[in-house]
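Engineer: Have a look at this fold, sequence not included:
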């Protein structure tokens, strides 16, 4: 007999070699019907896994996120099987799940088209109808290499050679065999709702020197209703694409001659960015921060001392020779704040020191992952570094969380997900610093989160190499998550740079560092804003807040006078005094998503009025200029 411990603590005895699926059915019939896989002593396993020893068991069902990921991964295998049937001789790459779906990479001489995707979908439906069983087999690594060489699958051979275990696992669906750890659903018939979405190029293993493969993206859900909702969201997301809106509104551009992943800000985009940065500075000054500026390059030894050269080198640019010394484009701002701190001896009475910096950093991102403003190679972080005593740490974290919440709500983000990113178990080589230091840092973040009452998810193995972090993902208007504020506790840089303060006892003590952003990268944040509002920005951050439209040439002087009056009130306003008809001018202003269009004819000119047309309410009637100014001043002040 074997003893199975369930998540609620219940213990049950079963015959040896009973399968996970049989245990699930024994718990109750509904559980057996919706079970997909399980965690046995924390390890993901299939439903046909035989239980030979006492274990703790958690069944994964269709009602869970893990269950959805298993369905999607199985659908990726079904897609690969369909591709192999339709395009004999295709070479297989990898097919993992990703957020909201899955992909699979193929080396195929046939260039996949939209019509090919439809053929692949039809073949997948046949495979699902065949209700083929997923069968797992384990094989010695060297034998697995020979089998994959025999099958003409060089990419699988490369993957197997990189596996350190002596045994590797495969999953078979009739004629189709794939290297995979699993788990999978029992039969292909469990897949109900799926859709292939697009094809893109992808270098094998993300290296530009490797072969270019074709990557097919897809998604799967448990119900057709959920699939339809997701596809509708994708349609809405396409309308909100910041790259298209940014071009239409003349906010920014990218240029091959300038370099991939480097944004060029046009006057309107620069104005919008300046508004956001000015707001950021004002709120930081109000909370006791001071502002720093630091260089864009530094000697390589600085990055060796900080640990970046050893742990972050793949994302750093190659050294630049300057007078026989090697310099590096900065990937982070933190070592610069450390150098400034060390220019003088600080007392405990000086702390905390809160230093903010809108610092531009440079990180090497592979060309295949660059994506408009959301993934770039040069970007400005709304960075800050707080130097404090251990006793001050918890309160400083709480204040940063409050500031982050305030900043997000000011821009219309009121929903977000919070993750506590900590070290992974058994991965010490990925991190710097002592265990007790890491434990202290992780506990401080955890306690602060618990005091706020905010729900969070603990993310094992997601910490940066130098410290754990709170990561906040904001949700936009259509429910997508975006990386936003980050709060990291760092005891390690102070250790590596010997950063201290003089305590009340007169002795030197190690300072604690907090690294934090409350918006994230400025480029990514503005890209997120564009998609959140679909370019229809609130008045206070709109690059052009209002446009004055003259009906005839007779109102040109009045329009210019009104523009000057509004400019003196610090509004961002422009005139359209061209010869086009007023209907055309209104349409152009509407397409440019300008919050207010002010139409002036003879009556308005003679009586000091404006005919107001807003994007929010349409025609708002005729108002005295002073009343309109009062109205929009309040709207800006309250950030409506």
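Structural biologist: That came in fine, so what should we check first? These figures come from a predicted structure and were not determined experimentally.
Engineer: residue contacts, the closest residue to residue 325 other than its chain neighbours?
Structural biologist: Closest residue to residue 325 apart from its sequence neighbours, by CB to CB, 6 or more residues apart in numbering: residue 299 at 5.8 Å. Using the backbone N, CA and C atoms, a C-beta is placed for each residue, glycine as well. Residue 299 makes contacts with 325-328, as judged by CB atoms under 8 Å, 6 or more residues apart in numbering.
Engineer: Equivalent analysis for residue 127, please.
Structural biologist: 78, 81-82, 173, 188.
Engineer: in this structure, what secondary structure element scores lowest on mean pLDDT?
Structural biologist: Ranking every helix and strand in the chain by mean pLDDT, DSSP states H and E puts helix 29-34 at the bottom, with a mean of 80.
Engineer: chain center to the helix or strand immediately after that helix in the chain: distance?
Structural biologist: Next along the chain after helix 29-34, taking DSSP states H and E as the criterion, comes strand 35-40. Between the centre of strand 35-40 and the centre of its chain there are 29 Å (CA atoms, centre = their mean, to the nearest Å).
Engineer: Touching strand 35-40 from outside, list them.
Structural biologist: The contact list for strand 35-40 (CB under 8 Å, 6+ apart) reads 20-21, 24-25, 44-47, 49, 51, 55-62, 66-67, 70-71, 182-185, 190.
Engineer: what pLDDT, on average, does that strand get?
Structural biologist: Average pLDDT, strand 35-40: 89.
Engineer: Run through the residues that contact the residue most central in space within the chain.
Structural biologist: The centre of the chain sits closest to residue 483, judged by CA atoms, centre = their mean, with a distance of 4.0 Å. When contacts are counted by CB under 8 Å, 6+ apart, residue 483 touches 471, 473, 520, 524.
Engineer: Just the buried residues of whatever helix or strand residue 443 lives in, please?
Structural biologist: Per DSSP H and E: residue 443 is located in helix 435-452. Buried residues in helix 435-452, defined by neighbour count with 16 or more other CB atoms under 10 Å: 437-438, 440-442, 444-446, 448-449.
Engineer: helices and strands around it, which ones?
Structural biologist: helix 393-410, strand 416-422, strand 469-475, strand 481-490 (3 or more CB pairs under 8 Å, 6 or more residues apart in numbering; DSSP states H and E).
Engineer: Residue 129: which of the ones you listed is closest?
Structural biologist: Closest of these to residue 129 is strand 481-490, at 35.1 Å (criterion: CB to CB).
Engineer: tilt between that closest one and strand 416-422?
Structural biologist: When axes from the mean of the first three to the mean of the last three CA atoms, to 10 degrees is applied, the directions of strand 481-490 and strand 416-422 differ by 40 degrees.
Engineer: how far is the helix or strand just after strand 481-490 from where the chain is centred?
Structural biologist: Proceeding N to C from strand 481-490, the next assigned helix or strand is helix 492-496, under DSSP H and E. Relative to the mean C-alpha coordinate of its chain, helix 492-496 is positioned 28 Å out (CA atoms, centre = their mean).
Engineer: and helix 492-496, what other elements does it pack with?
Structural biologist: Packing partners of helix 492-496 (3+ CB pairs under 8 Å, 6+ apart): helix 300-306, helix 334-341, strand 512-521.
Engineer: and those, which is most packed in?
Structural biologist: Highest mean neighbour count among these (mean count of other CB atoms under 10 Å): strand 512-521, with a mean of 24.
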